[in-house]
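> model this:
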Amino acid sequence: MAVLPASSQVDLSRLKIVAGATNAAIASEQDFREKFPDCQTGAMPPFGNLYDIPVFADESLTHDKEIAFNAGTHLELIRMAWNDFQNLVKPRIERFATGTVGSVAA
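Below is the predicted model:
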């Protein structure tokens, strides 16, 4: 599970390297919805540790005081101190986010 700012995009090449994976791709919601049976599709919170999924958080998030994310539904949002999230989830902190949504690669 990759956790990054909503304004960024995942650099799949970089994520593949930091995760030690042979390939990396963005899964469709249908591909992983069974892993989150108590959540609405597309509203999964970044608590992969609760579902036996490794969590990677982009280093840029460590500069923020808070993190906000869906609470398992499309109607509820959780806002939590970054330090609390980091202590609960223990994500592997790496640099894999790039650009912003809508930016064009040169």
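
> low-confidence ranges, the chain, go.
Scanning the chain for pLDDT under 70 picks out 100-106.

> where do the helices sit along it?
Under the criterion DSSP state H, the chain contains helices at 12-19, 29-32, 82-89.

> adding mean neighbour count and distance to residue 69, write those helices out as CSV.
Bear in mind the C-beta positions are built from the backbone N, C-alpha and C, glycine included. As requested, the helices of the chain are exported to CSV (neighbours: other C-beta atoms under 10 Å; distance: least, C-beta to C-beta, whole Å):
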stretch, mean neighbour count, distance to residue 69
helix 12-19, 15, 18
helix 29-32, 11, 15
helix 82-89, 15, 9
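
> want to throw those into CSV with distance to residue 44?
Shown next, in CSV, are these (distance: least, C-beta to C-beta, whole Å):
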stretch, distance to residue 44
helix 12-19, 18
helix 29-32, 8
helix 82-89, 13
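
> for the ones you listed, which one sits closest to residue 47?
helix 82-89 (6.0 Å; C-beta to C-beta).

> that closest one packs against which elements?
Other helices and strands packing on helix 82-89, by 3 or more C-beta pairs under 8 Å, 6 or more residues apart in numbering; DSSP states H and E, are strand 66-70.

> using PDB, write out every CA atom in the strand it packs on.
Extracted in PDB, the C-alpha atoms of strand 66-70 (Å, rounded to 0.1, in the frame of the first residue of the first chain):
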ATOM      1  CA  GLU A  66      -1.500  15.800  10.100                       C
ATOM      2  CA  ILE A  67      -2.700  13.300   7.600                       C
ATOM      3  CA  ALA A  68      -6.300  13.000   6.400                       C
ATOM      4  CA  PHE A  69      -7.900   9.900   4.700                       C
ATOM      5  CA  ASN A  70     -11.200   8.100   4.200                       C
END
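
> give the pairing partners of that strand; include direction for each.
Applying DSSP bridges to the sheet, strand 66-70 is found paired with strand 77-81 (antiparallel).

> what's the angle between the partner strand and helix 82-89?
If you take axes from the mean of the first three to the mean of the last three C-alpha atoms, to 10 degrees, strand 77-81 sits at 100 degrees to helix 82-89.
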